[in-house]
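Q: Sequence plus predicted model, see below.
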Amino acid sequence: MSSPPPPRKGFYRQEVTKTAWEVRELYRDLQPVGSGAYGAVCSAIDSRTGTKVAIKKLYRPFQSELFAKRAYRELRLLKHMRHENVIGLLDVFTPDDTLDDFTDFYLVMPFMGTDLGKLMKHEKLSDDRIQFLVYQILRGLKYIHAAGIVHRDLKPGNLAVNEDCELKILDFGLARQADSEMTGYVVTRWYRAPEVILNWMRYTQTVDIWSVGCIMAEMITGKILFKGSDHLDQLMEIMKVTGTPPPEFVQRLQSQDAKNYMESLPELEKKDFASVLKNATPLGKEGPSSQSFLAHSPTNGWPLRFQFLATTKGPPQTFSPFSMIPLGYRLSRDTAGSKGMHSLMALWA
């Protein structure tokens, strides 16, 4: 078996958890942070500044049209993000010399230290911290939504937190423009809105608000709010708390099978949300906080005004949101493939 060619000039190669990484020489001391279905993350030191950064390597981004579209969306969106509560892109590079060889690329982002999921596993969050974290999630979401973007994959693992309790929203590989047709298999099951589970093809940014409600309830109680074993069980877990959806919700479903299924279900009464959050902190016992996010037909305007955030101290929500980004979600194979990605990366340089 022949050995791989030497690294490109200005790059070095290192094995990290049995995977070859080939990165710019200015990024030193690679250390594994985590991995998922689509990529892995290492921390590194930027030798120019001495600061710690996070480097994300996407797994086989061009192995299929699905993977290529996800990678293209994430890079295209991150290139435009400029907000304190949304992760930004510091650098993007490929170790490959030519377009014909182009198979890998890396995204460099600020290093945050942990994510909300890991934080909740290790400690009980105080009311003040919950308020501040939810406030930051909503600030970031308002910025994203102002551009007409739906994140579609909000969950504790996609909310990065640093040692100063500063939060940034991560992972835009599933993000879509709000007016584009949606697919149902998005968002980790436990944080999905009912319309996502039922494959409502033109849902809006309110699906992100639902996810925030699930996340907030989990912060308050320390337990996952709706822990279904499959998508139908997930729907039943939701309805045990929120009650049977109103007829107007069912009529808006595009799938006749989904309508028939919903109409066949027994009537369930809505629970008092305070009882769902029993033994919770005073914040949870106040009542409508996280319940305000969990409605069958929520409005999208705007949770930052909710009373439970009135005492939150943070920067004012004043920003100039980036304009609608032509993300090209109906991508051709060429656009989303290595050629299109290479062209997009060239704009960064």
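A: Okay, I see it. Residues are numbered from 1 along each chain as shown.
Q: C-alpha from now on. contacts and neighbour counts both.
A: Fine.
Q: Does anything pack onto the host helix or strand of residue 217? Which helices or strands?
A: Following DSSP states H and E, one finds residue 217 within helix 206-221. Packing contacts for helix 206-221, counted by 3 or more CA pairs under 8 Å, 6 or more residues apart in numbering; DSSP states H and E, involve helix 127-146, helix 282-285, helix 288-291.
Q: could you redo the last one with a cut-off of 6 Å?
A: Helices and strands touching helix 206-221, as assessed by 3 or more CA pairs under 6 Å, 6 or more residues apart in numbering; DSSP states H and E, comprise helix 288-291.
Q: So for stretch 34-41, mean pLDDT?
A: The average pLDDT within stretch 34-41 is 78.
Q: contacts for it?
A: 33, 55, 56, 57, 58, 59 (CA atoms under 6 Å, 6 or more residues apart in numbering).
Q: Can you get me the start-to-end distance on that stretch?
A: In stretch 34-41, first residue to last residue: 5 Å (CA to CA, to the nearest Å).
Q: List the buried residues in it.
A: Buried positions in stretch 34-41, judged by neighbour count with 16 or more other CA atoms under 10 Å: 40, 41.
Q: same deal with stretch 119-134?
A: Buried residues in stretch 119-134 (16+ other CA under 10 Å): 119, 120, 125, 130, 131, 132, 133, 134.
Q: Please apply the same query to stretch 3-14.
A: 11, 12.
Q: got the end-to-end distance for that stretch?
A: End-to-end distance (CA to CA), stretch 3-14: 14 Å.
Q: Give me the neighbour count for the residue lying closest to residue 239 once chain neighbours are set aside.
A: Leaving aside its sequence neighbours, residue 239 sits nearest to residue 268 (CA to CA, 6 or more residues apart in numbering; 6.8 Å). Here the number of neighbours of residue 268 (other CA atoms under 10 Å) works out to 14.
Q: Now residue 39. Its backbone dihedrals?
A: Dihedral angles phi and psi of residue 39 (degrees, to the nearest 10) take the values phi -180, psi 180.
Q: Residue 122 now?
A: Torsion angles, degrees, to the nearest 10, at residue 122: phi -100, psi -20.
Q: mind listing the strands for this structure?
A: Secondary structure of the chain by DSSP state E: the strands cover 11-16, 19-24, 27-35, 39-46, 52-58, 91-93, 106-110, 114-115, 149-150, 159-161, 167-169, 176-177.
Q: And the second one, what's buried?
A: Using 16+ other CA under 10 Å as the test for burial, strand 19-24 gives 21, 22, 23, 24.
Q: Next up, the contacts around residue 51.
A: Contacts for residue 51 (CA under 6 Å, 6+ apart) come out as residue 45.
Q: Quick check: it vs residue 28, distance?
A: Taken as CA to CA, the span from residue 51 to residue 28 is 11 Å.
Q: any residues in contact with both of the two?
A: By CA under 6 Å, 6+ apart, the residues touching both residue 51 and residue 28 are residue 45.
Q: average pLDDT for stretch 196-214?
A: 80.
Q: and it, how far out from the chain's middle?
A: 13 Å (CA atoms, centre = their mean, to the nearest Å).
Q: Over to stretch 248-259?
A: 27 Å.
Q: likewise stretch 87-99?
A: Worked out by CA atoms, centre = their mean, stretch 87-99 lies 21 Å from the chain centre.
Q: Pull out the buried positions in it.
A: Using 16+ other CA under 10 Å as the test for burial, stretch 87-99 gives 87, 88, 89, 92, 93, 94, 95.
Q: Also stretch 57-70?
A: Neighbour counts over stretch 57-70 (16+ other CA under 10 Å) mark 57, 58, 59, 61, 62, 65, 67, 68, 69, 70 as buried.
Q: if we can go back for a sec, dump the buried residues of stretch 87-99 into TSV; add pLDDT and distance to residue 145 as well.
A: TSV is the format used below for the buried residues of stretch 87-99 (pLDDT from 0 to 100; distance: CA to CA, whole Å):
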residue	pLDDT	distance to residue 145
87	92	15
88	89	16
89	90	19
92	90	25
93	90	28
94	85	31
95	86	34
